[in-house]
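Novice: predicted model, plus sequence, below.
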Number of protein chains: 2
Amino acid sequence: MSQVYNFGAGPAMLPVPVMERIRDEFLDFKSMGISIIEISHRAKQFEQVLLDAQERFRQLIDLPDNYKILFVHGGARMQFSALPMNLAGRSPSKKCLYVETGNFAKLANKDAKPFGDIRVIANSADTNYSYLPEITAEMIDQDAAYLHMTTNNTIYGSRYNTFPDTGKVPLIADQTSEILSRVIDYSKFGCIYAGLQKNLGPSGTAIVVIREDLLGHASPETPVLLNYEQCAKDNSLTNTANTFAIYVTGLVLDWLQEQGGVAAIEKINEQKAKTLYDVIDAGDYYRGVIQAEFRGTMNVSFNLPSEELEAKFLKEAGALGLYALKGHRSVGGIRASIYNAMPLAGVEALAGFMKEFESKNG
Amino acid sequence: MSQVYNFGAGPAMLPVPVMERIRDEFLDFKSMGISIIEISHRAKQFEQVLLDAQERFRQLIDLPDNYKILFVHGGARMQFSALPMNLAGRSPSKKCLYVETGNFAKLANKDAKPFGDIRVIANSADTNYSYLPEITAEMIDQDAAYLHMTTNNTIYGSRYNTFPDTGKVPLIADQTSEILSRVIDYSKFGCIYAGLQKNLGPSGTAIVVIREDLLGHASPETPVLLNYEQCAKDNSLTNTANTFAIYVTGLVLDWLQEQGGVAAIEKINEQKAKTLYDVIDAGDYYRGVIQAEFRGTMNVSFNLPSEELEAKFLKEAGALGLYALKGHRSVGGIRASIYNAMPLAGVEALAGFMKEFESKNG
């Protein structure tokens, strides 16, 4: 096998130069004679890694000063529990509004149930999440602690291109599968979060961006490491952080700045998604999982005419080094996750294979 | 600087052959053409890594079949909150007994407070934890949900060499700084846990060993990723695990088996600790932080005649490649953490330096 292109949904591929650098300095970080994974989270060298990563992230998304950037344990899913504890813990109504647009959006409201009065105000489960319901002002109860949405749905590839005006209700977004993939005005959000393992780094940890006025409202029954106020106070070092994940994330952020930042990568991401959707839209052979108007750029999910053909497609693609294209079990078919680190060449290789496969098996 | 010996308390040094192997296969795991950190936690290759690590761990500590081995997010400290939620969540009395023998033992009972009726039954805070209080049968309320102790106290270097008979109250132990360092009969314990970052692997995750009958008692308000029963049911893959940490831990466990297992490393650990304590005990220049009968083998904490000499000691040691010897801020002085991965040669280099420093500055 020659070049492998990894279309896995996460843990996902990281930029090649970042991976090479990690390998090259793995035994000797900053001429210390030891590895980044062998130094204390309180060593000045690690503290610098953390501060640099936060600063780079702030620059890349043009984040206002009144937001904190936290690294928290457990990935995005841990936040499904932490969010109601932190944001609705002292709210009189404990009302938390959710928009359910996919499997993870569903888990987000399910995991939140023990900690708030959870209300799903919009839901596209009836069509297996093939579209994104509109969220209108009338749907948003103004005494709710927050409104939660998943802006990009990994399994289906759907993406909200506009965000609702939520009034005084803070808008919270799970952006795990699209963080840093497009320019977004973050001043519209109260809190956004993302597991690192798609567009940022290795797995096990999440980045949480939260407006300062939303800190300090946690329930007294919030575990200390799930308490965002505590995490902000300790700058993500209440206990031993996942130092490797933060280090790798810092390198990925450096790499993204070298690519020209989010606006520059957004253009490439659009080109990459278009390359695949053009093949899908050229005929009836491939069918996109989501309705065209809701397509994002990070995950392209589609079906072939039969499950047998899908199995054949996956087998032949794998043999060519087009790896991890199997769709999530809930929708089947094929999914190409094409995060920031996936080069256009990888997407072109897949598009070429798709055309060839169709012509041979159409 | 030539050879660096890393005496850091954690994240700590890992075995050199393990570190070299991680580097060598970092870009190409199992000839997949991609990295271990770029494959799905549900890929069969990662699943094998996880199963192998669990099996190796079970063999190394000779763990009975009725215990589960879990990898959980957040390190040992997350378990400080998770333990009362899981073990006292449905207990009528919610009584949780704690032995406070150090800074982390104190945090363990502090973090637990929102989730149970926390009672500290023995405490050596009066002497800044310079000894380990005896735990007798009369101290153990038999309707308690559990008794928690820290078997090795990282900051001071104290270690319980015998464990109390707790009757029908499950004995729970934080073993973060001594896991796999000595042979222990784990059938006496209901649950033990350890952050990975000292004797096992990189930071951010803990290993939890729990007797099966203790699962299923969690409070309904337990966050899903802190619920041990859920974690056992999903074999630590309820969500995306810290795949890198589990992979490295597996390699460390392989290495330990190659060294002859826990009994073999225990002998070396005793020799290493004796090498340092012999220098300390040879005169009055160095003073051990803990009383001699409570000494363990993993952390050797001591003071010099003055803070000025301690600063000079640290500076000169650092220049010789004896890294991270500064004691924890709560006790000051010097601490040499000499976990399994520290070779005898490193300890001998430190002992030699200590003698020389004393003769020049005595």
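Specialist: Now that the structure is in, tell me what you want to look at. Numbering: from 1, shown residues only, chains lettered A, B, ... in the order given.
Novice: quick one, domains of chain A?
Specialist: Using automatic domain parsing, the domain parsing of chain A gives A:16-258, A:260-361.
Novice: out of those, indicate the one that is most buried.
Specialist: Compared across the domains of chain A, domain A:16-258 shows the largest average neighbour count, a mean of 21 (mean count of other Cβ atoms under 10 Å in any protein chain shown). C-beta coordinates here come from the backbone N, C-alpha and C atoms, glycine included.
Novice: quick one: terminal-to-terminal distance for that one?
Specialist: End-to-end distance for domain A:16-258: 13 Å, by Cα to Cα, to the nearest Å.
Novice: quick revisit: closest one to chain B among the domains of chain A?
Specialist: Closest approach to chain B among the domains of chain A is made by domain A:16-258 (2.9 Å; Cβ to the nearest Cβ).
Novice: what does the longest helix along chain A rub up against?
Specialist: In chain A, with assignment by DSSP state H, the single longest helix is helix A:261-281. With contacts defined as Cβ atoms under 8 Å, 6 or more residues apart in numbering or on different chains, helix A:261-281 is touched by A:60-61, A:180-183, A:256, A:259, A:286-288, A:292, A:295-298, A:300, A:302, A:336, A:338, A:340, A:342, A:344, A:347-348, A:350-351, A:354-355, A:358.
Novice: give me the next element, helix or strand, following that helix.
Specialist: Counting by DSSP states H and E, the element after helix A:261-281 in chain order, helix or strand, is strand A:287-288.
Novice: just after that following strand, pick out the following helix or strand.
Specialist: For strand A:287-288, the following helix or strand on the C-terminal side (DSSP H and E) is strand A:299-303.
Novice: how about the strands in chain A?
Specialist: In chain A, the strands defined using DSSP state E lie at A:5-6, A:67-73, A:95-100, A:117-123, A:146-150, A:152-153, A:158-159, A:171-174, A:191-195, A:205-211, A:287-288, A:299-303, A:322-323, A:334-337.
Novice: before we move on, back to that, so which of the domains of chain A is nearest B:Thr127?
Specialist: Nearest of the domains of chain A to B:Thr127, taken as Cβ to Cβ: domain A:16-258 at 25.6 Å.
Novice: ok now do the nearest residue to A:Arg287 once chain neighbours are set aside, which residues does it touch?
Specialist: Closest residue to A:Arg287 apart from its sequence neighbours, by Cβ to Cβ, 6 or more residues apart in numbering or on different chains: A:Asn303 at 4.9 Å. Neighbouring residues of A:Asn303 by Cβ under 8 Å, 6+ apart: A:286-287, A:289, A:310, A:327, A:332-334.
Novice: ok, 7 Å please
Specialist: A:287, A:289, A:310, A:332-333 (Cβ atoms under 7 Å, 6 or more residues apart in numbering or on different chains).
Novice: so A:Ser203 is in contact with A:Gln197, correct?
Specialist: Yes. Judged on Cβ atoms under 7 Å, A:Ser203 makes contact with A:Gln197 at a distance of 3.9 Å.
Novice: need the overlap of contacts for the two.
Specialist: Common neighbours of A:Ser203 and A:Gln197 are listed as A:11, B:240 (criterion: Cβ under 7 Å, 6+ apart).
Novice: for A:Asn152, see how far away the most centrally placed residue in chain A is.
Specialist: Among the residues of chain A, the one closest to the centroid is A:Thr176, at 1.6 Å (Cα atoms, centre = their mean). Applying Cβ to Cβ, to the nearest Å, the value for A:Thr176 to A:Asn152 is 8 Å.
Novice: same thing with A:Leu196?
Specialist: The gap separating A:Leu196 from A:Asn152 is 15 Å, by Cβ to Cβ.
Novice: and for A:Leu14?
Specialist: Going from A:Leu14 to A:Asn152 by Cβ to Cβ gives 19 Å.
Novice: cool, A:Ala76 as well?
Specialist: According to Cβ to Cβ, A:Ala76 stands 12 Å off from A:Asn152.
Novice: do you know the pLDDT at A:Met1?
Specialist: We note a pLDDT of 46 for A:Met1 in this prediction.
Novice: which one is A:Ile69 nearest to, not counting chain neighbours?
Specialist: Leaving aside its chain neighbours, A:Ile69 sits nearest to A:Gln54 (4.6 Å; criterion: Cβ to Cβ, 6+ apart).
Novice: list the contacts for A:Phe7?
Specialist: Contacts of A:Phe7 (Cβ under 7 Å, 6+ apart): A:322-325, A:336-338.
Novice: near chain B, which residues of the stretch 201-350 of chain A are found?
Specialist: Counting by Cβ under 7 Å from any Cβ of the partner chain, the stretch 201-350 of chain A comes close to chain B at A:202-205, A:220-221, A:223-226, A:239-245, A:321, A:323-324.
Novice: before we move on, back to that, ok, the residue nearest to the centre of chain A touching A:Gly195?
Specialist: Yes. With contact defined as Cβ under 7 Å, A:Thr176 reaches A:Gly195; the gap is 4.6 Å.
Novice: give me the common contacts of the two.
Specialist: A:Ala76.
Novice: in helices, which of the residues of the stretch 201-350 of chain A next to chain B fall?
Specialist: Judged by DSSP H, helices contain the following of these: A:243-245.
Novice: show me the shaky parts of chain A.
Specialist: Along chain A, the parts satisfying pLDDT under 70 run over A:1-2.
Novice: let's see 90
Specialist: For chain A, residues meeting the criterion pLDDT under 90 lie at A:1-3, A:89-93, A:329-331, A:362.
Novice: spit out the contact partners of A:Asn123.
Specialist: With Cβ under 7 Å, 6+ apart, A:Asn123 has these contacts: A:100, A:133.
Novice: for it, give its distance to A:Leu87.
Specialist: Relative to A:Leu87, A:Asn123 is positioned 21 Å away (criterion: Cβ to Cβ).
Novice: how about A:Asn227?
Specialist: A:Asn227 is 12 Å from A:Leu87, where distance means Cβ to Cβ.
Novice: what's the answer for A:Tyr131, then?
Specialist: As judged by Cβ to Cβ, A:Tyr131 and A:Leu87 stand 28 Å apart.
Novice: next: A:Asn199.
Specialist: 24 Å.
Novice: same thing with A:Ala218?
Specialist: 8 Å.
Novice: what about A:Gln3, how many residues close to it?
Specialist: Using other Cβ atoms under 10 Å in any protein chain shown, the number of residues around A:Gln3 comes to 12.
Novice: am I right that it is in contact with A:Leu322?
Specialist: No. Proximity of A:Gln3 to A:Leu322 does not meet the contact threshold set by Cβ under 7 Å, at 9.9 Å.
Novice: report the beta-bridge partners for the residue lying closest to A:Ala345 once chain neighbours are set aside.
Specialist: Distances taken as Cβ to Cβ, 6+ apart put A:Tyr5 closest to A:Ala345, at 7.9 Å, once the chain neighbours are dropped. For A:Tyr5, the beta-bridge partners under DSSP bridges are A:Leu322.
Novice: mind listing what A:Tyr5 touches?
Specialist: Contacts of A:Tyr5 (Cβ under 7 Å, 6+ apart): A:321-323, A:346, A:349-350.
Novice: again, 10 Å this time
Specialist: Counting by Cβ atoms under 10 Å, 6 or more residues apart in numbering or on different chains, A:Tyr5 makes contact with A:13, A:317, A:320-325, A:336, A:338, A:342-343, A:345-350, B:33-34.
Novice: got it, and A:Cys191?
Specialist: A:Cys191 makes contact with A:67-68, A:70, A:79, A:83, A:86-87, A:146, A:148, A:170-174, A:208-211, A:214-215, A:228, according to Cβ under 10 Å, 6+ apart.
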